[in-house]
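Chemist: Below are the sequence and a predicted model; questions follow.
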Amino acid sequence: MTQPILTISNLEFSYEPDQKNVLNAVSFEIQPGTITAILGPNGAGKTTLIHLMLGLRKPHTGNILLKDKSISHYSRKELSQWVGLVPQSEYVPFEYSVLEYVLLGRAPYLGPLDLPSQSDIEIARQALIQVGIELLEKRPIPELSGGELQLVLIARALAQQPKVLLLDEPTSHLDLSNRNITLQILNQLRSNGVTILFTTHDPEAASLVADNLVLMRQGKVMHTGSLETTFTSQKLSQTYGTHIDVIRVDGLPVVRSLEKLQ
Amino acid sequence: MKKNLWQSPIVLIMIPLLVFLFSMVMGRYPKPIFMPLDVLLNDELAQRLVFSLRMPRLLSALCLGMSLSAAGGVMQMLFRNPLIEPGFLGVTQGAGFGAALSIIFLGSSPLLVETSATIFAVLGLLFSYFIARRIRFGGWVLRLILAGIAVSAFFSAGLGILKYLADPTSQLPEITFWLLGGLWSVTWRDLFYILPVVIIGLVIIYLMRWRLNLLALGDETATSLGVSVKRERTLLLGVSVAITAVVVSVAGIVGWIGLIIPHIARRLVGANSANFLPVSIAIGGAFAILCDDIARTLSAGEIPLGIITSLLGAVIFLILMISPGVRLQR
């Protein structure tokens, strides 16, 4: 095994000092060039974990190593050149064009007084091509559909040229076709060597692309490991607290949850 | 990226400059509206008038317009809300209260009134800021807006009390006139009082004009893009309030410029602050000079500037809202 690109050890976190922990003894490792899905029900602490990995909040105890250095030892700018974020949703109050918006992803490479250069514009255009929306370049953001906006957010993170890409619920509000486009892009990014980590509450989205799973429930890691060993009826049922069957259709695992409703 | 005429620096410098030069010969001496060029060249009184009255006044109007429209543009981005005005964080009402306080208790010398207005404008912001920090719910933006509303109401109540206490024959008209805004009393001294703050503030805003886009993204994303959100937001907010406070302290309450001009600028060049802020500053300066031209030439008496900017501003605002192809909000 190569050296992990992210090592998360023993994270504890709560939003208020006297409240119960949102994250409890969370530990796992991420290998470079893999796709990991953090899978679990709503409220499992997935988004909080992402915020901690971005340095937005600090864990009470525990550590997050990026390569061999704690993320708290990276400057904001340095960290943003390493780790990109695709947020769950984004409210855009002004009418940016798609290209202007994606260009904001170049910020980690620009000083506070710099304007983006021609080469930054080129990189932003490449990012648009990578997610297949180069024709939308001039469209105002508020006119985009939900699926298109999702692709714009991914393109902006790609303009950042990160080595690690974090996506918070990238597929949760997409229809099936847009979900598959998004997952296909993740697949393609992995083959370019980007390490990908995404949260989801949808086991199917995870099973389609992930190499590894981190199953979380109520702030704790229930199971981690490869897709084959962790995507099982027993482990998923335990994580979601409801009975889940994993069946195979054409060799692919599919979940079915048919508990009788009261 | 599309370039248009409004992105050319020459155009942006020429607009306020031409309006400025044109306004130099506008006034009511020797007769209303225009001063013939030969009078300007030969009449010594005309030259003195242009140099010691019109020049500082026009330059102050320029500073006023540029500052309010820059600060308005910045604050609309920082608060992610296109309907924000630069004075809303208790700044405008604070300045009004400070001016009235000085007129009643300290005397109405311009320096005293200006200093007192500036101090209370800044106090308005500080109150809003610290109250916002103590509010226990909502995001940062919502908390600041709520605190700003409360502080503004507090100062306007205080202003009401002061007006009630004021001597109705001498002090009350002075307070009322100050609140309506105007530049009739501006001298070179007033200009030098506001100029350092205005220049430093505008330069900082201009230099950070692209960066500002990132602060409009929301904390999570901005941080992930390497922005030290708290520090940069505090800097730009502080700068915007400072330039607003100093120009308001000299000009009184001049509304609508800071709200309308950034909208017009965005309509001309799009939402990217690197493009719209310079346009906003340029046309804001020109708009304020033109409004002041109307204020000082239309009638033999002075029309308060705040009335003209509100009137024109409201008309332009409505045209903007009604005309097709404009979406202020989704």
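Modeler: Done, it's in. Remember, it's a predicted structure, so these values are computed and weren't measured experimentally. Residues are numbered from 1 along each chain as shown, chains lettered A, B, ... in the order given.

Chemist: and whatever residue of the stretch 1-150 of chain B ends up closest to chain A, which of the three is it?
Modeler: As assessed by C-beta to the nearest C-beta, chain A sits closest to B:R80 within the stretch 1-150 of chain B, at 4.8 Å. C-beta coordinates here come from the backbone N, C-alpha and C atoms, glycine included. Secondary structure, DSSP: H, G, I helix; E, B strand; the rest coil: B:R80 is coil.

Chemist: so which strand or helix has the nearest residue to it once chain neighbours are set aside?
Modeler: Nearest in space to B:R80, with sequence neighbours left out and distances taken as C-beta to C-beta, 6 or more residues apart in numbering or on different chains, is A:P93 at 4.8 Å. For A:P93, there is no enclosing helix or strand under DSSP states H and E.

Chemist: A:P93 is in contact with B:F79, isn't it?
Modeler: No - A:P93 is beyond contact range of B:F79, at 9.1 Å (criterion: C-beta atoms under 8 Å).

Chemist: and the closest residue to chain B within the stretch 151-262 of chain A, how many neighbours?
Modeler: Nearest residue of the stretch 151-262 of chain A to chain B (C-beta to the nearest C-beta) works out as A:Q160 at 6.9 Å. Residues within reach of A:Q160, counting by other C-beta atoms under 10 Å in any protein chain shown, total 26.

Chemist: and what of B:L312?
Modeler: 17.

Chemist: shouldn't it be in contact with B:C291?
Modeler: Yes - between B:L312 and B:C291 a contact is recorded at 6.3 Å, counting by C-beta under 8 Å.

Chemist: Do a quick rundown of the strands in the chain.
Modeler: Went with chain A since none was named. In chain A, strands defined by DSSP state E lie at A:6-13, A:23-30, A:35-39, A:61-66, A:69-70, A:83-86, A:164-167, A:195-200, A:212-217, A:220-226, A:245-249, A:252-256, listed in chain order.

Chemist: my bad, the chain I had in mind was chain B
Modeler: Going by DSSP E, chain B shows strands at B:26-27, B:33-34.

Chemist: Now do the first one: distance to the chain's middle.
Modeler: Right, strand B:26-27. Centroid displacement of strand B:26-27 relative to its chain, using C-alpha atoms, centre = their mean, to the nearest Å, is 23 Å.

Chemist: what's it packed up against?
Modeler: Applying 3 or more C-beta pairs under 8 Å, 6 or more residues apart in numbering or on different chains; DSSP states H and E, we find strand B:26-27 packed against strand B:33-34, helix B:273-297.

Chemist: Close to chain B: what parts of the stretch 51-200 of chain A are there?
Modeler: A:51, A:54-56, A:76-77, A:79-81, A:83-85, A:87, A:90-91, A:93-97, A:99-100, A:104-105, A:107-108, A:110, A:112-116, A:121, A:138, A:142, A:160 (C-beta under 8 Å from any C-beta of the partner chain).

Chemist: I'd like to know which of those are buried.
Modeler: Taking 16 or more other C-beta atoms under 10 Å in any protein chain shown as the criterion, what is buried in these is A:51, A:54-55, A:76-77, A:79-81, A:83-85, A:87, A:90, A:93-97, A:99-100, A:104-105, A:107-108, A:110, A:112, A:116, A:121, A:160.

Chemist: still on that earlier bit, tabulate the strands of chain A (a markdown table), appending mean pLDDT and distance to B:F287.
Modeler: Shown next, in a markdown table, are the strands of chain A (pLDDT from 0 to 100; distance: least, C-beta to C-beta, whole Å):
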| stretch | mean pLDDT | distance to B:F287 |
| --- | --- | --- |
| strand A:6-13 | 93 | 51 |
| strand A:23-30 | 93 | 53 |
| strand A:35-39 | 95 | 53 |
| strand A:61-66 | 93 | 50 |
| strand A:69-70 | 93 | 52 |
| strand A:83-86 | 96 | 40 |
| strand A:164-167 | 96 | 45 |
| strand A:195-200 | 96 | 49 |
| strand A:212-217 | 95 | 56 |
| strand A:220-226 | 94 | 60 |
| strand A:245-249 | 88 | 66 |
| strand A:252-256 | 85 | 62 |
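
Chemist: Which among these is found nearest to B:I103?
Modeler: Among the strands of chain A, the nearest to B:I103 by C-beta to C-beta is strand A:83-86 (53.1 Å).

Chemist: Partner strands of that closest one, with direction?
Modeler: strand A:164-167 (parallel) (DSSP bridges).

Chemist: What residues of the strand it pairs with count as buried?
Modeler: A:V164, A:L165, A:L166, A:L167.

Chemist: And the contacts of it?
Modeler: Applying C-beta atoms under 8 Å, 6 or more residues apart in numbering or on different chains, the external contacts of strand A:164-167 come out as A:5-6, A:30, A:50, A:53-54, A:66, A:82-86, A:154, A:157-158, A:186, A:189, A:194-199.

Chemist: then it to CSV, C-alphas only?
Modeler: Taking C-alpha atoms only, strand A:164-167 is exported to CSV below (Å, rounded to 0.1, in the frame of the first residue of the first chain):
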residue,chain,number,x,y,z
VAL,A,164,-8.3,16.0,-3.4
LEU,A,165,-11.9,16.8,-4.3
LEU,A,166,-14.6,16.9,-1.7
LEU,A,167,-18.2,16.7,-2.8
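
Chemist: Export the strands of chain A to JSON lines and append columns for distance to B:A117.
Modeler: Output for the strands of chain A, formatted as JSON lines (distance: least, C-beta to C-beta, whole Å):
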{"stretch": "strand A:6-13", "distance to B:A117": "47"}
{"stretch": "strand A:23-30", "distance to B:A117": "50"}
{"stretch": "strand A:35-39", "distance to B:A117": "55"}
{"stretch": "strand A:61-66", "distance to B:A117": "50"}
{"stretch": "strand A:69-70", "distance to B:A117": "50"}
{"stretch": "strand A:83-86", "distance to B:A117": "44"}
{"stretch": "strand A:164-167", "distance to B:A117": "48"}
{"stretch": "strand A:195-200", "distance to B:A117": "52"}
{"stretch": "strand A:212-217", "distance to B:A117": "56"}
{"stretch": "strand A:220-226", "distance to B:A117": "58"}
{"stretch": "strand A:245-249", "distance to B:A117": "71"}
{"stretch": "strand A:252-256", "distance to B:A117": "67"}
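
Chemist: Indicate the residue of chain A located nearest to chain B.
Modeler: For chain A, C-beta to the nearest C-beta, closest residue to chain B: A:S80, 3.2 Å.

Chemist: which stretches of the chain have low pLDDT?
Modeler: Assuming you mean chain A. For chain A, the stretches flagged by pLDDT under 70 are A:1, A:260-262.

Chemist: hm, I was asking about chain B
Modeler: B:1-3, B:325-330.

Chemist: From the centre of it, give me the residue that's furthest out.
Modeler: Distance to the chain centre peaks in chain B at B:N42, reaching 36.1 Å (criterion: C-alpha atoms, centre = their mean).

Chemist: The stretch 101-250 of chain B: helices as residue ranges?
Modeler: Ranges of helices in the stretch 101-250 of chain B, per DSSP state H, counting those that start in this stretch, are B:110-134, B:140-165, B:171-180, B:188-207, B:211-215, B:219-224, B:229-251.

Chemist: so the third one versus helix B:110-134, what angle?
Modeler: Calculated by axes from the mean of the first three to the mean of the last three C-alpha atoms, to 10 degrees, helix B:171-180 forms an angle of 60 degrees with helix B:110-134.

Chemist: how about a markdown table for the helices and strands packed on strand B:26-27, with distance to A:E134 and mean neighbour count added?
Modeler: Below are the helices and strands packed on strand B:26-27 laid out as a markdown table (distance: least, C-beta to C-beta, whole Å; neighbours: other C-beta atoms under 10 Å in any protein chain shown):
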| stretch | distance to A:E134 | mean neighbour count |
| --- | --- | --- |
| strand B:33-34 | 55 | 12 |
| helix B:273-297 | 22 | 25 |
